[in-house]
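*Asks:* give the three-dimensional model of this entry:
(chains A and B)
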There are 2 protein chains.
Amino acid sequence: MSDNLSGVLESLKAIKGVHGAALIEKFGLIKGSALPGWVDPEAVAAMVTLILKASQRATKELEQGKFNNAIIESENGKILFTEIKGNVLCIITTVDAKLGIINLKLDAASKTIAAQI
Amino acid sequence: MSDNLSGVLESLKAIKGVHGAALIEKFGLIKGSALPGWVDPEAVAAMVTLILKASQRATKELEQGKFNNAIIESENGKILFTEIKGNVLCIITTVDAKLGIINLKLDAASKTIAAQI
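*Replies:* Next comes the predicted model:
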């Protein structure tokens, strides 16, 4: 695995069924992205902000504690969000992407990213 | 299984590891809830609104299509969101709740609720 952030993001994008990946700082700053041309990184950043807001509500009012991860499943695909040291790694997949394989590679990618930031 | 909405929600709440459940209309109206005293149904409704906003972004800008479901995993628990005919069924669980069992009962509950609304 590549040892720099864009290398890690590109390696996630290379997984079958993955459209792309981006690392977003918790206030919406885009730290890195490997996204297809039709995906606006700002739209991904906006989604991360909304998910973190929802999670903060959960933390405050439902005693759920710190945000770990989230998945949104829609008709045409899934979006995965994983917390890494105050940032959120976001992965956009097709609807039939295998979550088992993605989660394995995601764990490795998270560790590599966590070691760098 | 009970054939009325609050019966269905109560039966979800009775599953081991489930704190409670609520059915929220997509604009935030609470249609029914079986929640523990420390959970404010309005907070659940606010989360549903945020999740649906994030999903709408995904639909518009990432071509993800109609929202199906979402999970937020935090330090102390999980929150599951499932679309049912323009409403969202929201289930709040402990961190060690078994998703397999919950998903099975959730499928049955979704069908019962879909038949009534």
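*Asks:* tell me what the longest helix along chain A is packed against?
*Replies:* Longest helix in chain A by number of residues, with DSSP state H as the criterion: helix A:41-62. Counting contacts by 3 or more CB pairs under 8 Å, 6 or more residues apart in numbering or on different chains; DSSP states H and E, helix A:41-62 packs against strand A:18-25, strand A:30-34, strand A:67-74, strand A:77-84, strand A:87-94, helix B:41-62, strand B:67-74, strand B:77-84. No exception for glycine: its C-beta is placed from N, CA and C like everyone else's.
*Asks:* switch the cut-off to 7 Å
*Replies:* Counting by 3 or more CB pairs under 7 Å, 6 or more residues apart in numbering or on different chains; DSSP states H and E, the packing neighbours recorded for helix A:41-62 are strand A:18-25, strand A:30-34, strand A:67-74, strand A:77-84, strand A:87-94, helix B:41-62, strand B:67-74.
*Asks:* and A:N103, how close does it get to A:P41?
*Replies:* If you measure A:N103 against A:P41 using CB to CB, to the nearest Å, the figure is 23 Å.
*Asks:* these two: who's more crowded?
*Replies:* More neighbours surround A:P41 than the other of A:N103 and A:P41, with 16 against 13 (other CB atoms under 10 Å in any protein chain shown).
*Asks:* hang on, the earlier thing: any idea of the angle the longest helix of chain A forms with strand A:87-94?
*Replies:* Using axes from the mean of the first three to the mean of the last three CA atoms, to 10 degrees, one finds that helix A:41-62 and strand A:87-94 are set 110 degrees apart in direction.
*Asks:* buried stuff in helix A:41-62?
*Replies:* Within helix A:41-62, the residues that qualify as buried by neighbour count (16 or more other CB atoms under 10 Å in any protein chain shown) are A:41, A:44-59, A:61-62.
*Asks:* what is the rounded mean pLDDT of it?
*Replies:* This predicted structure assigns helix A:41-62 an average pLDDT of 87.
*Asks:* what sits up against it?
*Replies:* For helix A:41-62, the external contacting residues (CB atoms under 7 Å, 6 or more residues apart in numbering or on different chains) are A:22, A:24, A:26, A:28, A:30, A:33, A:35, A:64-67, A:70, A:79, A:81, A:88, A:90, B:39-40, B:43, B:46-47, B:50-51, B:53-54, B:57-58, B:61-62, B:72, B:74, B:79, B:92.
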